[in-house]
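Engineer: just need the structure, nothing else, for what follows:
(chains A and B)
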Number of protein chains: 2
Amino acid sequence: MTTLVPEAIERGRTLAVPALRAAVDRLHPRLRRVVAYHRGWTDAEGTPLPGGGGKLVRPALALLSAEAAGAAVEVGLPGAVAVELVHDFSLLHDDLMDGDTERRHRPTAWTVFGADGAILAGDALLGLATQVLLEVEGEPGRRAAIMLGAGVQDLVRGQAEDLYFETRNDVTVADTLTMEDGKTGALLSCSAAIGAVLAGGRTELVDGLAEFGSRLGTAFQLVDDLLGIWGDPAVTGKPVLSDLRSRKKSVPVVVALDAGGADADELRTFLASSGDASESELHHIARLVERAGGREWTTAEADRQLDECAKLIASLSLPPLVETELLALARFVTERDR
Amino acid sequence: MTTLVPEAIERGRTLAVPALRAAVDRLHPRLRRVVAYHRGWTDAEGTPLPGGGGKLVRPALALLSAEAAGAAVEVGLPGAVAVELVHDFSLLHDDLMDGDTERRHRPTAWTVFGADGAILAGDALLGLATQVLLEVEGEPGRRAAIMLGAGVQDLVRGQAEDLYFETRNDVTVADTLTMEDGKTGALLSCSAAIGAVLAGGRTELVDGLAEFGSRLGTAFQLVDDLLGIWGDPAVTGKPVLSDLRSRKKSVPVVVALDAGGADADELRTFLASSGDASESELHHIARLVERAGGREWTTAEADRQLDECAKLIASLSLPPLVETELLALARFVTERDR
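Structural biologist: Residues are numbered from 1 along each chain as shown, chains lettered A, B, ... in the order given. Predicted coordinates for the structure are as follows:
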């Protein structure tokens, strides 16, 4: 199914892209080139590409967040830039750590510019994100930077859990959800609240928006886990059955393991094996995860988190247009043709 | 020759180590373990080691910097912690990028915990450093975090130059000094001024201390370049002739290249070659760099930068004890048995 692109996404792109470009222009030319390639602004040789640059979901959230606090949309702009820079930092480092060779249908940055290029460009972006926020005078800038710093720690903690889960055999569904909350929820939470912080919004509003972003992150990640097994490569930009191929203990897999029985045993044996699995073997494992209820549970949980998002938004007495846009955005980022 | 350990270093250790440990304790347990190993607090299994933790030159500078502005030494403590965390971040990532397998006579962190562990632990430390500063209420914390952010960008830029220099044949002595100013000068500059910023010191003082730190960084790096060729492995903790072994275009090497003639040609041919060079070949190259004046020029330039440091300090009308300690610290970090 196809969802209309929400107004907030279009506007986010229009406002955030020039500000993002201005921020990235501050980097060392060699690192700027890595980032411009990674963002899809240029090819590997530095030649500009038409379009590109991703959906900019996080900037769109940050801008709406400022409006949620009654401020002009521009007040959220430093926040919009900062969260997207942190998102890029984490993708550059994560693709390298996970050994992923493809993103958005293109070779990942580390495969083009080497591990050094990806590490350094990520480091530069992480530092730059905080700089952009601290250029906002006074207390709002400081508070926004504190919020982003906490988000970065949660993000890194989530990635640390993820890497170490691969070496563990006792990971529960709750562990996996906590890990995914760090990896995806932390930055979406920050994105949804940072505009309100920059606007000097009241604590209950900031906290409510942060909780909305966190649940949206969980829903988003659950959908990502579904797509990692049952997604169409033409849509996801990842190889078919990619999460099974890499033996990732994503939520559907862990749910299936928890179900016990012969299917769980076979799945466990597959996860403990190594080497390239054939496509027919991977399809068999996917059917097995589905039969054990992994797909159904994950879909239901994603829907439940989205319902909670809607309830939270309704409780915050936001300007009606902002409420509508936040809900449209939440639906947009969790649809993705699952 | 042996230099007495300055009072400021001893005091820096006493004050900064507990604060550093408290900061590192905030990290994910798996990342905490990487950092504790890297700092020499524990072995690879997490068993505590006696002593360890380095000289803590940067924290000592940050603490003196607060006193230079007339504040109590504790005012500089968040700065002392932050600059050391950034230093560790950069070592964790640089050792990996440079492929260095040994530091302070021990295997580097990435060789023990993998590239993932080193990347993530570094990321966490970079974020944590800013968090520590922003926990200082109000404008001084914000200004200190802005200064650290600028220092981090210079640091990353210096490392980017360094990596790309290896692929270039037209690097001048000036290029190399600029690069080293980024890699070493930026963080020492920040260390020397951040305490004064936290103390709300006047602009001329902050700027003067920053310039002192920058020149100290250059002197320090020049000495490091000398040790990288002529240093005693028992003292440096690096393999003998390590910079020649890795064909690094350090200052003495670039000076020798610039001198021209047959020696420069032979040196250029060596740098363009690949594969492991024999120890006798490396000794021959070291003699050649010395004959071309690389050692003498670098030694004189280090001394000149130290003289400038002393002049700067004398011009700032500091409390006499602080002036004495800053000079002792400058001598201490640039001696290292060269």
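Engineer: drop to CA atoms for contacts and neighbour counts, all remaining ones
Structural biologist: OK.
Engineer: check which residues of the strand or helix carrying A:L321 are buried.
Structural biologist: With secondary structure defined by DSSP states H and E, A:L321 is part of helix A:320-335. Using 16 or more other CA atoms under 10 Å in any protein chain shown as the burial criterion, the residues of helix A:320-335 that qualify are A:322-334.
Engineer: what's the helix or strand containing A:D307 packed up against?
Structural biologist: Using DSSP H and E, A:D307 sits in helix A:294-315. Applying 3 or more CA pairs under 8 Å, 6 or more residues apart in numbering or on different chains; DSSP states H and E, one finds that helix A:294-315 contacts helix A:203-230, helix A:251-258, helix A:320-335.
Engineer: following element in sequence after the first one, please.
Structural biologist: Next helix or strand after helix A:203-230 toward the C-terminus (DSSP H and E): helix A:233-236.
Engineer: ditto for the shortest one
Structural biologist: Towards the C-terminus, the helix or strand next in line after helix A:251-258, according to DSSP H and E, is helix A:261-272.
Engineer: what is the mean pLDDT for that following helix?
Structural biologist: For helix A:261-272, the mean pLDDT works out to 92.
Engineer: quick check: angle from that helix to helix A:251-258?
Structural biologist: Interaxial angle, helix A:261-272 versus helix A:251-258 (axes from the mean of the first three to the mean of the last three CA atoms, to 10 degrees): 130 degrees.
Engineer: what's the next helix or strand after helix A:261-272 packed up against?
Structural biologist: Downstream of helix A:261-272, the first helix or strand assigned by DSSP H and E is helix A:279-291. If you count contacts as 3+ CA pairs under 8 Å, 6+ apart, helix A:279-291 packs onto helix A:242-245, helix A:251-258, helix A:261-272.
Engineer: at 6 Å instead, please
Structural biologist: Using 3 or more CA pairs under 6 Å, 6 or more residues apart in numbering or on different chains; DSSP states H and E as the contact test, no helix or strand touches helix A:279-291.
Engineer: buried ones in it, by neighbour count?
Structural biologist: The neighbour-count check on helix A:279-291 (16+ other CA under 10 Å) flags A:282-283, A:285-290 as buried.
Engineer: between the helices and strands packed on helix A:294-315, which one is nearest to chain B?
Structural biologist: Of all these, helix A:203-230 sits nearest to chain B, with 18.1 Å by CA to the nearest CA.
Engineer: okay, now A:R26: neighbour count?
Structural biologist: 13 (other CA atoms under 10 Å in any protein chain shown).
Engineer: what's the pLDDT at it?
Structural biologist: Confidence at A:R26, expressed as pLDDT, is 96.
Engineer: mind checking what secondary structure it has?
Structural biologist: Put simply, A:R26 is coil when judged by DSSP: H, G, I helix; E, B strand; the rest coil.
Engineer: give me the spatial nearest neighbour of it, chain neighbours excluded.
Structural biologist: In this structure, A:R26 finds its nearest non-sequential neighbour in A:R32, 7.9 Å apart by CA to CA, 6 or more residues apart in numbering or on different chains.
Engineer: residues making contact with the one helix or strand the one you found maps to?
Structural biologist: Taking DSSP H and E as the criterion, A:R32 maps to helix A:29-38. With CA atoms under 6 Å, 6 or more residues apart in numbering or on different chains as the test, helix A:29-38 has contacts from A:42-44, A:109, A:121.
Engineer: report the two of those residues separated the most.
Structural biologist: Greatest spacing in the contacts of helix A:29-38, by CA to CA: A:D43 and A:A121 (16.2 Å).
Engineer: which one of these two is surrounded by more residues?
Structural biologist: With neighbours defined as other CA under 10 Å, A:D43 and A:A121 compare such that A:A121 has more, 28 against 16.
Engineer: and that one, what are its phi and psi?
Structural biologist: phi -60, psi -40 (degrees, to the nearest 10).
Engineer: show me what contacts it?
Structural biologist: The contact partners of A:A121, by CA under 6 Å, 6+ apart, come to A:L31.
Engineer: repeat that for A:R331.
Structural biologist: By CA under 6 Å, 6+ apart, the contact list for A:R331 is empty.
Engineer: circling back: can you count the residues close to the residue nearest to A:R26?
Structural biologist: 20.
Engineer: just for the stretch 1-150 of chain A, where's the confidence low?
Structural biologist: Confidence mapping of the stretch 1-150 of chain A against pLDDT under 70 gives the ranges A:1-4, A:52.
Engineer: let's see 90
Structural biologist: Counting by pLDDT under 90, the stretch 1-150 of chain A shows low-confidence ranges at A:1-12, A:50-55, A:98-100, A:102-105, A:138.
Engineer: what parts of it come near chain B?
Structural biologist: A:28, A:97, A:116, A:127, A:149 (CA under 6 Å from any CA of the partner chain).
Engineer: let me have the residues you listed in JSON lines, extended by secondary structure and neighbour count.
Structural biologist: Shown next, in JSON lines, are these (DSSP: H, G, I helix; E, B strand; the rest coil; neighbours: other CA atoms under 10 Å in any protein chain shown):
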{"residue": "A:H28", "secondary structure": "coil", "neighbour count": "18"}
{"residue": "A:M97", "secondary structure": "helix", "neighbour count": "20"}
{"residue": "A:D116", "secondary structure": "helix", "neighbour count": "18"}
{"residue": "A:G127", "secondary structure": "helix", "neighbour count": "25"}
{"residue": "A:G149", "secondary structure": "helix", "neighbour count": "25"}
